[in-house]
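Trainee: Model the structure of this input:
(chains A and B)
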Amino acid sequence: MKDIINVISDPPILFTLLVIILFTSFKYSEIFWSGKAMIVVGVSSVLFFIVSLFDENFLLIVTKPDNVPIVGLIFLIFFFTWLAMWQAVNNDKRIAAGKPVMEAEIEPNRVIVWPDLVYIELIALTLTLVLLIGWSVLLEAPLEQPANPANSPNPSKAPWYFLGLQELLVYFDPWIAGVLLPGLCVVGLMAIPFIDKNPKGNGYYSFAERKMAISIFIFGWLLLWILLIVIGTFLRGPNWNFFGPYEYWDVHKLEPLVNINLSEIVYIKWFGVGLPNNWFLREIFGIGILLAYFMITPLILTKKYFSDLFLKLGIGRYAIFIALLLLMVSVPIKMYLRWLFNLKYILAIPEIFFNI
Amino acid sequence: MADENLEKGSTTEAPEAAPKKKKKSVWKQLAESQVAKSYFRTGIPKTRRSRLLVVLNSLWLHLHPARTRRHAVRLRYTWCMGGLSFFLFMVLTVTGILLMFYYRPTVEYAYMDIVDLREQVPLGIMRELHRWAAHLMVITVWLHMFRVFMTGSYKPPREFNWGVGVILLVLTLLLSFTGYLLPWDQLAIWAVTVGTNMARATPFLGHEGPGASLLQIGGISLVHAGNDVRFALLGGRFVGEATLLRFYVLHCVALPFVVIILMALHFFRIRKDGNISGPV
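Mentor: Numbers count the residues shown, from 1 in each chain, chains lettered A, B, ... in the order given. Purely as a prediction, here's the structure:
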């Protein structure tokens, strides 16, 4: 059993499984986001967690002081994603039946903030403070050996909320993983209100009315942000090698370094000749693929799937939408290329540190 | 005011009882004293009018509207995550100020000051409170963003406030990141080293970033390890004395300053954009 879970936790399998589960849950949203499903999945994951605590390797990684909030984060995010989707699905049923949404039903009643809201806030913050004090008494803040620039620990990890970006370093050069992608995250988030012109679903939970917006957002948030953090925290050991949740962090675990560039695959493997000296000639295929991805895919997508959206948004907004979408999707694409073909760079111009 | 009216009303109804003027209790006298009236302006809000007034007259409660939609009060709609983020920010400010009394941001003292905090301060959980509240705040801010997205609350007229919120989220992460270095232990220095190594690769601005090698005049490169964006961030070529001071100032003064201004703007916009979102 432990071996199976160790194998499933391997990022390619874990990521694929969760993508499938997520999109199936969107398709059959009434079953997957029902109260019963929540209880089943919630109870079984808590049980799974408790049973796993008896494994010493699992216990070691989970009880590392700075990892405790991430354990909490997993459960909290699971719960709140369910809470949002559950209300959304309930509202969808009401809308389909021609009834007003839950939030509208109890209108137009207005309540006075004192005491109806103020008391709720007081209780919420008191409970949070109690939780914090309890947490602080029980768990000491970590303090390791004094800083020593000569002795780097293995693995050296960034603070947990940046571990998703550090995980991306496996698949991308630092300028993409550490600068471009987080920058695009911020720009993309700020662009959402201007790209999503759908006037429905403003001020109440709903899924059916904004399927695409919610699917894209949850995919990006849960799988490309939270999941990568979880992988980077719990499943990456010394030398950033993969370790299953029950596996011992062996410093000497060896992983073969077989990653090769696209140019090497094309020129050496297929053509059987050496790499050309001119970098433009060498990278011509990579440049071609990237140009095709960013120039031709949008045309196909627009024609086949997004023609309505294109008309609705207008050329400017639509161009930004499709650019952001393609950039976001390129992250899992590159991850799969690495997992399946050991592809290192599609385009590699180390002369100017420009590798994609 | 309303209470006075009530009292007058009752005296007119029963004029015979008036001569037997009952002695007021000590509490009531205190509550009606000039001190109480000026410091707790509205008193205990019992009537509808005084309940409205207590929100309008208080700086803190005035973050709220006096009245709000009934569904917006329910926990299942808002999850209270925005409010908790604000509360955690205040917890962090208070514990942070207390920690500043004990902590000197120099390579010589920083680590030992933290050890002292742990060993010498009786019942000391300030550092724990500060660290766990910081982690929790990152989580609550993310969940707040998620809730706002899921209720479509970024849609008009709240586009601008969503943008402010995204910047606040980034600043929350940066606050947490700059604070991570301050204990000056192995965990801190290497986490920050790993984090800031990425800055090396900033296009054109980092010395290992794409395009940086193109920026040269007569064979002398304009961007190198001694002047790129990472150098500016660290105050040196590696995480050292200058970095500690830089991160300390950013963490305790510069970033909170920006965050407080943006939070004020964020709360102001919530009120101006029609309070908590709801169905039209």
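
Trainee: Up against chain B, what does the stretch 251-356 of chain A have?
Mentor: Residues of the stretch 251-356 of chain A lying near chain B by CB under 8 Å from any CB of the partner chain: A:Glu351, A:Ile352, A:Phe353, A:Phe354. The C-beta positions use only the backbone N, C-alpha and C, and glycine is treated the same way.

Trainee: make it 6 Å
Mentor: For the stretch 251-356 of chain A, the residues found near chain B under the criterion CB under 6 Å from any CB of the partner chain are A:Ile352, A:Phe353, A:Phe354.

Trainee: hmm, which of those are the buried ones?
Mentor: Applying 16 or more other CB atoms under 10 Å in any protein chain shown to those, the neighbour count classes A:Phe353, A:Phe354 as buried.

Trainee: Just the closest of the residues of the stretch 251-356 of chain A next to chain B to A:Glu103, please.
Mentor: Nearest to A:Glu103 among those is A:Phe354, at 49.9 Å by CB to CB.

Trainee: mind giving me the domain split of the chain?
Mentor: No chain specified, so I'll use chain A. The record's domain parsing of chain A by automatic domain parsing lists A:2-109+A:161-240, A:262-355.

Trainee: nope, chain B
Mentor: What automatic domain parsing lists as the domains of chain B is B:20-67, B:76-272.

Trainee: mind checking which of the ones you listed is nearest chain A?
Mentor: When these are compared by CB to the nearest CB, domain B:76-272 sits nearest chain A, at 2.5 Å.

Trainee: tell me how far the closest one is from the chain's mean position?
Mentor: Mean C-alpha position of domain B:76-272 versus that of the full chain (CA atoms, centre = their mean, to the nearest Å) differs by 13 Å.

Trainee: for stretch A:275-295, same thing?
Mentor: Its chain's C-alpha centre and that of stretch A:275-295 lie 29 Å apart, by CA atoms, centre = their mean.

Trainee: can you count the residues close to A:Tyr171?
Mentor: When neighbours are defined as other CB atoms under 10 Å in any protein chain shown, A:Tyr171 has 22 of them.

Trainee: Same check on B:Tyr103?
Mentor: B:Tyr103 is flanked by 21 other residues according to other CB under 10 Å.

Trainee: before we move on, back to that, highest average neighbour count across the domains of chain B?
Mentor: Most buried of these, by mean neighbour count (mean count of other CB atoms under 10 Å in any protein chain shown): domain B:76-272, with a mean of 19.

Trainee: Where does pLDDT dip in the chain?
Mentor: As the question left the chain open, I've gone with chain A. The model of chain A has pLDDT under 70 over residues A:106-108.

Trainee: try chain B instead
Mentor: Applying pLDDT under 70 to chain B flags residues B:1-22.

Trainee: End to end on stretch A:26-38, go ahead and measure it.
Mentor: 15 Å (CA to CA, to the nearest Å).

Trainee: Minimum distance to A:Ile265: which of the domains of chain B has it?
Mentor: Minimum separation from A:Ile265 across the domains of chain B (CB to CB) falls at domain B:76-272, 22.3 Å.

Trainee: tell me how far the ends of that closest one are from each other?
Mentor: Start-to-end, domain B:76-272 (CA to CA) is 24 Å.

Trainee: ok, which residues in the stretch 1-150 of chain B are in contact with chain A?
Mentor: Counting by CB under 6 Å from any CB, the stretch 1-150 of chain B comes close to chain A at B:45, B:51, B:54-55, B:64, B:67-68, B:70-71, B:73, B:80, B:83-84, B:87, B:111, B:125, B:127-129, B:131-133, B:135, B:138-139, B:143, B:149-150.
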